[in-house]
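K.L.:
need a structure here:
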Amino acid sequence: MQLPIKAHYASLAMLALARQHPSGQLLTARTIAQEHEIPIQFLGQILQQLRTAGLIVSSRGSSGGFRLARAPESTTMASVVDAVCSGSCNDYATSDEALDPDHQIVSEVWRELSELQSQFLEKLTLGELLRRATPVTSGMFYI
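P.N.:
Next comes the predicted model:
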């Protein structure tokens, strides 16, 4: 099951902001868009949704930008996805289809899969993504 591109871009933006969190530096939308090849207008909408959800804060002006509202370890990926999908990511059947038993069975499978996905994203934090992104250095030394 694949999440919408909006959730993917939101995750990339949040990871970029999580990297800057220790320094407290602000990142501009333009910097994030260029770094991750996200259309700037689309990213602007995503950042607005993340700000409205309270996941990021913004500062205006020439030295303005965005930063995380809280530590990466306390921001779940479920909250990121929920901020930009607003429930529309899990619509499976129309009312006409709901009368068909086969549609009901298949829709139930998708709901179960969605629940598993939600449980996974609730446990996964930006802090964990940062740890995954940090290269592991071994104690081996080669000459």
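
K.L.:
all helices for this protein, in order.
P.N.:
In the chain, the helices defined using DSSP state H lie at 5-20, 29-36, 40-52, 77-85, 101-123, 126-133.

K.L.:
could you dump these to TSV with mean neighbour count and distance to residue 66?
P.N.:
For the C-beta atoms, the positions are set from N, CA and C on the backbone; glycine is no exception. Formatted as TSV, the helices of the chain follow (neighbours: other C-beta atoms under 10 Å; distance: least, C-beta to C-beta, whole Å):
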stretch	mean neighbour count	distance to residue 66
helix 5-20	20	6
helix 29-36	16	7
helix 40-52	16	6
helix 77-85	21	13
helix 101-123	12	22
helix 126-133	15	14
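
K.L.:
out of those helices, nearest to residue 64?
P.N.:
helix 29-36 (9.8 Å; C-beta to C-beta).

K.L.:
next, the angle from that closest one to helix 40-52.
P.N.:
110 degrees (axes from the mean of the first three to the mean of the last three C-alpha atoms, to 10 degrees).

K.L.:
neighbours of residue 39, just the number please.
P.N.:
10 (other C-beta atoms under 10 Å).

K.L.:
skipping adjacent residues, who's closest to it in space?
P.N.:
Nearest non-adjacent residue to residue 39, counting by C-beta to C-beta, 6 or more residues apart in numbering: residue 33, 7.1 Å away.

K.L.:
can you pull the contacts of the one you found?
P.N.:
Contact analysis of residue 33 by C-beta atoms under 8 Å, 6 or more residues apart in numbering lists 39-40, 43.

K.L.:
now those residues as a markdown table including distance to residue 111 and pLDDT?
P.N.:
As requested, the contacts of residue 33 are exported to a markdown table (distance: C-beta to C-beta, whole Å; pLDDT from 0 to 100):
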| residue | distance to residue 111 | pLDDT |
| --- | --- | --- |
| 39 | 32 | 95 |
| 40 | 35 | 95 |
| 43 | 31 | 96 |
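
K.L.:
nearest to residue 7 among those residues?
P.N.:
Set against residue 7, the nearest of those by C-beta to C-beta is residue 43 (13.1 Å).

K.L.:
thought residue 29 was touching that closest one, still the case?
P.N.:
Yes: Residue 43 lies in contact with residue 29 (C-beta atoms under 8 Å); the separation is 5.5 Å.

K.L.:
having no further points to raise, I will conclude here.
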